[in-house]
Every structure is written in C-alpha cells, then in structure tokens.
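1. Sequence plus the predicted model coming up.
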Amino acid sequence: MYTADKKFQSVKNSSEIYLKFPAILREKLKNGEIAFPPETKYCFSPERAFRCIEREPEDCREVDRRDFRSYAEQGKKKTRGQRIDTTDPAYYGVSLFRRREIVENKMRFPNPHKKMAEGFVVQEGGPQNTNEKTEHICWWLYSDADLSGFHVQ
C-alpha cells in the first residue's frame, strides 16, 4: 500500500526532511507516533489562505513565526473547554482557510484582540492537507518556513 508517509519518504531522505520540522513534530514522526494523512500534499502550487492571529489593537508588527505556531508548539491541551487529541497530526499543524469569511465567522470578527493574516501556503514551507468541503488547510510548517508572504490585514 502506497501511503502519504511512503510518498514523503520517497520525496527525499526522510531523516533529512524530519530535521526541517520543529522538535515536537520531528520526534513524533521519527518515533512513528503520528503520520501525515494519505491526502497530504508535498508538491503543490501556492494557495492563498487566511489565518486568525492574536494581537492587541495597537500591535502592528509584521507576521512572524510566533503567529504560526501549532497547538503542540503552544502547549495547548484544551480549546473551547474540550480536550485536544494530541495523537491527531493536525495538532502539530497550523490551521488556515481558503476564504476570509470562514475565519471571520469562526473567530467572531471584528474582535479587538484578533487580526487576520493573509498570504500564501507554499510547498517550501512544508506539506499541507486541504479539506475541500470545509476549505480548511492544515499546514505542517518547517522550522525555518518563510512567512514573509503573509501580512496583517
């Protein structure tokens, strides 16, 4: 059976690719504790995406890696009062959406403590999985992913 992880390994030496991820994801992949979903894309065209980021009203700094940390990197175990499944690969990815309106609705915009980041999900930043029905993108970022294509709206 040809799985996404076999495809991932065939793209390049897997141990070399694992080194590109933040330590928390790298170790889970190396130990076989998690695997990317079969639909994961490793080679893809840039795709416009939107993400909610937490910012104070007067905070106008550029988007940076802190704005794109996964729940795992943040150490979150609960969200909206519910326990998060730390065995789900999405826990280690970053959540974005193809349409701005989805983020606005889910995150109850306007909100003085949240802002919208817009930019492009690119393969040089890491693999991604898009749910066509919900237009949700889970992007597993490399540690040194270039996020300069994103800006705060």
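-> Yep, it's here. Nothing here was measured: the structure is a model prediction, and the numbers come from that model.

2. doesn't residue 48 fall inside a helix?
-> No - read with DSSP: H, G, I helix; E, B strand; the rest coil, residue 48 is strand and lies in no helix.

3. Name the nearest residue to it, ignoring sequence neighbours.
-> Once flanking residues are discounted, residue 48 sits nearest to residue 120: 5.9 Å by C-beta to C-beta, 6 or more residues apart in numbering. All C-beta spots, glycine's among them, are computed from the backbone N, C-alpha and C.

4. Give me the buried positions along the helix or strand hosting the one you found.
-> Here residue 120, judged by DSSP states H and E, is contained in strand 114-121. Of the residues in strand 114-121, 114-119, 121 count as buried by neighbour count, 16 or more other C-beta atoms under 10 Å.

5. Sort those by pLDDT and name the bottom one.
-> Within the set of these, pLDDT is lowest for residue 114 (88).

6. Dihedrals phi and psi, the residue most central in space within the chain?
-> In the chain, the C-alpha closest to the average C-alpha coordinate belongs to residue 94, at a distance of 2.0 Å (C-alpha atoms, centre = their mean). For residue 94, the backbone dihedrals (degrees, to the nearest 10) come out as phi -110, psi 140.

7. Assess the claim that it and residue 70 are in contact.
-> Yes - the pair residue 94 / residue 70 is scored as a contact, 5.6 Å apart, by C-beta atoms under 8 Å.
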